[in-house]
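>>> have a look at this prediction, sequence included:
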Amino acid sequence: MAVQRARKRPFKMDLKRLHALCEANYARLLRLFPDYEQANTREFALGAARVRLEVLERSRYTTFFRLHQLHGEDRWLRRLVIDVRAYHDAGMLEVGAFQSQSRIQARYSYPNKQMFQQDEKLRQNEFLGDWLAHCQANGLGQLPASTPGAVR
């Protein structure tokens, strides 16, 4: 009796899931930074961490943001930096750069040199969604721009 090898199915990106996630993240960011059109920054405490949402560039249909988190206690998560692009006409928010890693592809073969997941783009946007939801649930008011220890 011959042993049949299981065929490895090609990876398919779940676009419906990614789009739904990007739409939810857009709504989350706007709840945290509703006045982004007039203000360039929004800062708040998140436990022992400080969070700064910053507008980098505005255009008619898109806005580029940089999201920072500086954590004062834990050495394993010193500084989180995520660059995102908001597409206002589509109502979507997408990760552009995560930490220092930019230009993430929609899918990767696995294994790869960087050890990215096959659906790395989806994973980074999921992390963003979880982080924004955490900020909504646990963020403590707005900090003045000159607060000592604020993210710069």
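Arrived safely, thanks for sending.
>>> could you use CA atoms for every contact and neighbour count after this?
Noted.
>>> against Arg60, how distant is the most centrally placed residue in the chain?
Central residue of the chain (Cα atoms, centre = their mean): Leu128, 3.3 Å from the mean position. In this view, Leu128 and Arg60 are 24 Å apart by Cα to Cα, to the nearest Å.
>>> got it, and Gly47?
Note on Gly47: its distance to Arg60, by Cα to Cα, is 35 Å.
>>> so those two - more neighbours on which side?
Gly47 (13 against 8; other Cα atoms under 10 Å).
>>> just the helices from this protein, written as ranges.
15-32, 120-138 (DSSP state H).
>>> ok, Leu18 to Ala86 distance?
The value you get for Leu18 to Ala86, if Cα to Cα is used, is 14 Å.
>>> who has more neighbours out of these two?
Neighbour totals were compared for Leu18 and Ala86, and Ala86 leads with 24 against 18 (other Cα under 10 Å).
>>> state the number of residues packed around Gln124.
There are 18 residues near Gln124, going by other Cα under 10 Å.
>>> need the contact list for it.
Taking Cα atoms under 8 Å, 6 or more residues apart in numbering as the criterion, Gln124 is in contact with Val95, Phe98.
>>> pLDDT wise, what is it at?
At Gln124, the model reports a pLDDT of 86.
>>> next one: Gln38
Per-residue pLDDT puts Gln38 at 95.
>>> got it, and Glu23?
Per-residue confidence at Glu23 stands at 98 (pLDDT).
>>> gap between the closest residue to it other than its chain neighbours and Leu70?
Nearest residue to Glu23 in three dimensions, chain neighbours excluded: Met92, at 4.4 Å (Cα to Cα, 6 or more residues apart in numbering). Plainly put, Met92 is 26 Å away from Leu70 if you go by Cα to Cα.
>>> looking at the two, which one has more neighbours?
Higher neighbour count among Met92 and Leu70: Leu70, with 22 against 19, using other Cα under 10 Å.
>>> leaving out the residues flanking it, which one is nearest to that one?
Distances taken as Cα to Cα, 6+ apart place Arg79 nearest to Leu70, at 4.6 Å, with adjacent residues excluded.
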